[in-house]
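Novice: only geometry, no sequence info:
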């Protein structure tokens, strides 16, 4: 698959995962948040606002080399924790609501194409 095709699948995958969370009652906060250390795919909050969710989305055309879940290694988990801490610190410094009283959760979403162009979305809540 060409780079543009992979990029397109990645964008579609993130959109499908965001739709999954909306259907589950979550509120969208941010997508593709970037800093010098990396990127967070999706930031969401639970319907009651008590949980902030950082979701890593992995879209794969096939599971031949492992699933999207397999791609989130210990190194990637560590980086995501650092990025989440930085995101939370920025929110605090921007005088937003009291984020320090909220629970933080890290999810991983695996996305794969199905026949007919539909995307299968699997979300592992509390993945690490």
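Specialist: Looks like it arrived, so ask away. Quick caveat: nothing in here was measured; it's all calculated off a predicted structure.
Novice: Tell me which helix or strand the most centrally placed residue in the chain sits in.
Specialist: Per CA atoms, centre = their mean, the C-alpha nearest to the average position across the chain is that of residue 55, at 2.3 Å. Assigning secondary structure by DSSP states H and E places residue 55 in strand 51-59.
Novice: which element follows that strand toward the C-terminus?
Specialist: helix 74-93.
Novice: Run the chain-centre distance for the helix or strand where residue 28 lies.
Specialist: Taking DSSP H and E as the definition, residue 28 sits inside strand 27-35. From the chain centre to the centre of strand 27-35 is a distance of 9 Å (CA atoms, centre = their mean, to the nearest Å).
Novice: List the buried residues of it.
Specialist: Within strand 27-35, the residues that count as buried by 16 or more other CB atoms under 10 Å are 31, 33. C-beta: built from backbone N, CA, C; applies to glycine.
Novice: tell me the angle it makes with helix 74-93.
Specialist: Relative orientation of strand 27-35 versus helix 74-93 (axes from the mean of the first three to the mean of the last three CA atoms, to 10 degrees): 110 degrees.
Novice: which residues of this protein score low on pLDDT?
Specialist: 1-6, 95-101 (pLDDT under 70).
Novice: rerun that using 50 as the cut-off
Specialist: Scanning the chain for pLDDT under 50 picks out 1.
Novice: and the residue of the chain positioned farthest from its centre, helix, strand or coil?
Specialist: Most distant from the centre of the chain: residue 116, at 24.6 Å, with distances by CA atoms, centre = their mean. Following DSSP: H, G, I helix; E, B strand; the rest coil, residue 116 is assigned to helix.
Novice: and the gap between it and residue 20?
Specialist: 18 Å (CB to CB, to the nearest Å).
Novice: what about residue 53, distance to residue 66?
Specialist: 23 Å.
Novice: what's the single longest strand in the chain?
Specialist: With DSSP state E applied, the strand covering the greatest number of residues in the chain is identified as strand 103-113.
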